[in-house]
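Student: Quick one, fold the following:
(one chain, ligands or ions: 1)
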Amino acid sequence: MATYEHPYPSPELSAAHPFVVHAHEPVDDNTMRDRALSFHALMDGRRSVRMFDDRPVPRELIETAICTASTAPSGAHMQPWTFVAISAPNVKQQIREAAEEEERTNYLDNRMNEEWQAALAPLGTDHHKEFLEVAPWLVVLFEQRFGENDDGSKKTHYYVKESVGIAAGMFVTALHQMGLATLPHTPSPMRFLQRVLDRPETERPFVLFPVGHPLPGVQVPDLARKPLDEVAVFL
Ligand SMILES: Cc1cc2nc3c(=O)[nH]c(=O)nc-3n(C[C@H](O)[C@H](O)[C@H](O)COP(=O)(O)O)c2cc1C
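Tutor: Model (predicted):
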């Protein structure tokens, strides 16, 4: 077992702030290998879908996925995120209408440059966002640019984008693990979500997730993922 010259927490630190022993079950290498391979196989089957079934999804499942996402690490443990979960048809309709308006400008009035359009060509996305009304849930993830102290003063949040990005990834993972599908959707610009959902000025929309069961037989682009040697360097 490694020994440390400067143990954490120091006696001064643990006198000033509460600490607990981390509950951790040791796992042997073979078990870890099995777990790692089966989790990778599970996650390799995740795909973004753009046609959802209208089959309802219990609210409890969305709540649990948000709780899982909220276990994400965050800068100084500020958890600078708000998940707004929408099943109300009238709100979904407003979001679809506003998103399609922005996307019409992107796709039909050339707000996206040629390089962007070329990158999207294999995905075949366009300004139609029907799934925003068909999916039983829309979950909009907001980043909290800063928070509020008990006395109403401004509370600084650290590494907001990094933290919210990790929480977003964990949300996607949680949904896939339970058998639901989603699509990270960024109708650009997304500021209309702040108005439609009545969120405070301190928040910015980060990504919108339609959530539900994939439409049976839905097709997805035939994409390949980069091999390990293109995404990793070991020293
Ligand atoms: C930050 C982010 C924004 C995205 N925005 C959109 C979007 O607005 N519309 C869309 O159809 N797909 C969007 N996607 C989905 C990507 O196109 C998709 O993840 C990618 O093609 C890989 O496919 P896969 O998710 O099935 O592996 C977005 C993904 C991310 C991570």
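
Student: can you list the residues of the protein near the ligand?
Tutor: 47-48, 50, 123, 125, 183-186, 207, 220, 223 (CB under 6 Å from any ligand atom). Every C-beta, even on glycine, is put in place using the N, C-alpha and C of the backbone.

Student: Tell me which stretches of this structure form helices.
Tutor: Counting by DSSP state H, residue ranges of the helices within the chain are 11-16, 29-44, 59-69, 89-108, 114-120, 131-134, 160-178, 192-196, 228-231.

Student: rank those by pLDDT, which is bottom?
Tutor: Taking each of these in turn, the lowest mean pLDDT turns up on helix 114-120, with a mean of 89.

Student: On the pLDDT front, check residue 188 for me.
Tutor: What the model reports for residue 188 is a pLDDT of 89.

Student: Repeat that for residue 225.
Tutor: Residue 225 carries a pLDDT value of 98.

Student: buried sites along stretch 220-230?
Tutor: Buried positions in stretch 220-230, judged by neighbour count with 16 or more other CB atoms under 10 Å: none.

Student: Then stretch 126-135?
Tutor: If you call a residue buried by 16+ other CB under 10 Å, then stretch 126-135 has these buried ones: 127, 129, 131-135.

Student: Could you dump those into TSV with distance to residue 77 added?
Tutor: TSV is the format used below for these (distance: CB to CB, whole Å):
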residue	distance to residue 77
127	40
129	35
131	35
132	33
133	37
134	37
135	32
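
Student: and which of these is nearest residue 89?
Tutor: Each of the buried residues of stretch 126-135 was checked against residue 89 using CB to CB; the closest is residue 133, at 7.3 Å.

Student: just checking, that closest one touches residue 89?
Tutor: Yes: under the criterion of CB atoms under 8 Å, residue 133 is in contact with residue 89, at a separation of 7.3 Å.

Student: Find residues that contact each of the two.
Tutor: Between them, residue 133 and residue 89 share no neighbouring residue, with contact defined by CB atoms under 8 Å, 6 or more residues apart in numbering.

Student: How about the contacts made by the residue lying closest to residue 63 once chain neighbours are set aside?
Tutor: Closest residue to residue 63 apart from its sequence neighbours, by CB to CB, 6 or more residues apart in numbering: residue 85 at 7.9 Å. With contacts defined as CB under 8 Å, 6+ apart, the neighbours of residue 85 are 59, 62-63, 66, 137-139.

Student: what two of these are the furthest from one another?
Tutor: Farthest-apart pair in these is 63 and 138; separation 14.9 Å (CB to CB).

Student: the more surrounded of these two?
Tutor: Neighbour tally, residue 63 and residue 138, criterion other CB atoms under 10 Å: the higher count belongs to residue 138, 27 against 12.

Student: Against residue 1, how distant is the nearest residue to that one once chain neighbours are set aside?
Tutor: Excluding its sequence neighbours, the residue lying closest to residue 138 (CB to CB, 6+ apart) is residue 86, at 4.5 Å. The spacing between residue 86 and residue 1, counted by CB to CB, to the nearest Å, is 50 Å.

Student: which ones are touching the residue nearest the centre of the chain?
Tutor: When the chain is reduced to its mean C-alpha position, the closest residue under CA atoms, centre = their mean turns out to be residue 168, at 1.9 Å. Applying CB under 8 Å, 6+ apart to residue 168 gives the contacts 69, 141, 184, 206-207.
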